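J.: Here is a sequence with its predicted model. Questions after.
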Amino acid sequence: MRDSIGRAVALPIAPLLIWQGRRVRRVVPRLPEAEGPREGTVGEARDGRALRLLILGDSSAAGVGVATQDDALAGRLLALLGARRPGPVRWRLVARTGIDTGEALALLEAAPPEPFDVAVIALGVNDTTAMKASARWLAEVSRLARTLHERHRVRALLWSGLPPMHRFPALPQPLRGVVGLHARALDAALARWCAGRGDAPPRSTHVPLPPMTDRSMVAADGFHPGAAAYALWAEALAPRVLEAARPAA
């Protein structure tokens, strides 16, 4: 329902929204992706086998907004996992600024087929700004899930919730309100999709973003997470990764 409302609101003011979107791309600083390794192993081989973790996503997964991967989602999440589980975590980050879900699927298909136990997925922002219909987006989400399961043998998918785009300082009104409404619609659709799959492989779980209302958590561009936001995001995901990694009963 929200999907149709957001798109209906956007239609009469489409020329203004297009103009605002182009202006945002001109004036908002383009921050680089975080520097640092995108694969490796953390933790010691004390007990149990390694957890194989894939992190897949757009600019937020790539760490835009901080200087190094240590302060980005991957680094923060891996530090928590390394401290909280007995065995090592072998990980890979597949992420690129600006990609939507369909482009992430193409990126994944171009990567070598490598098995993973759990995948953390941070996508949807660029699908939102493109005002992609929820039915089309969920079709791409479904294809991505199937590819992860069949090509990379992923057992569990953790779909990170979409951010509160209605609070992004870089977006002027009415663009911010329209995009925010559509982000909430896509996020609700994703949550319903995950809940509706039941135990169908791969297990899919929607993980809402924790509240991030403090302006200091936003990067200098007013659009991406800052270091504090990445740390909070990782804290929300870490226990869900550990839970998803447990063998099915």
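T.: Structure received. Just so it is clear, the model here is predicted, and its values are computed rather than measured. Numbering: from 1, shown residues only.
J.: Give me the distance between Ala231 and Arg215.
T.: As judged by CB to CB, to the nearest Å, Ala231 and Arg215 stand 16 Å apart. Where C-beta positions appear, they are placed from N, C-alpha and C, glycine not excepted.
J.: Look at those two and report which has more neighbours.
T.: Neighbours were counted for Ala231 and for Arg215 using other CB atoms under 10 Å; Ala231 has more, 20 against 10.
J.: so where do the strands sit in the chain?
T.: For the chain, applying DSSP state E gives strands covering 39-42, 51-57, 89-95, 118-122, 156-160, 203-207.
J.: Please identify the most buried of these.
T.: Most buried of those, by mean neighbour count (mean count of other CB atoms under 10 Å): strand 118-122, with a mean of 27.
J.: Partner strands of that one, with direction?
T.: When sheet partners are counted by DSSP bridges, strand 118-122 sits next to strand 51-57 (parallel), strand 156-160 (parallel).
J.: which other helices and strands contact the longest helix seen in the chain?
T.: Assignment by DSSP state H gives helix 175-196 as the longest helix of the chain. Judged by 3 or more CB pairs under 8 Å, 6 or more residues apart in numbering; DSSP states H and E, helix 175-196 is in contact with helix 2-10, helix 14-27, helix 125-129, helix 134-152, strand 203-207.
J.: Now do the same contact list for Ala67.
T.: For Ala67, the contacting residues are Ala34, Glu35, by CB atoms under 8 Å, 6 or more residues apart in numbering.
J.: And it, how close does it get to Ala219?
T.: 11 Å.
J.: so what sits against both of the two?
T.: By CB under 8 Å, 6+ apart, no residue touches both Ala67 and Ala219.
J.: residues contacting the residue nearest to Ser142 when sequence neighbours are not counted?
T.: Excluding the flanking residues, the one nearest Ser142 by CB to CB, 6 or more residues apart in numbering is Trp193, at 7.7 Å. For Trp193, the contact set (CB under 8 Å, 6+ apart) comprises Leu138, Val141, Ser142, Ser204.
J.: Any of those buried? List them.
T.: Neighbour counting by 16 or more other CB atoms under 10 Å classes Leu138, Val141, Ser204 among the contacts of Trp193 as buried.
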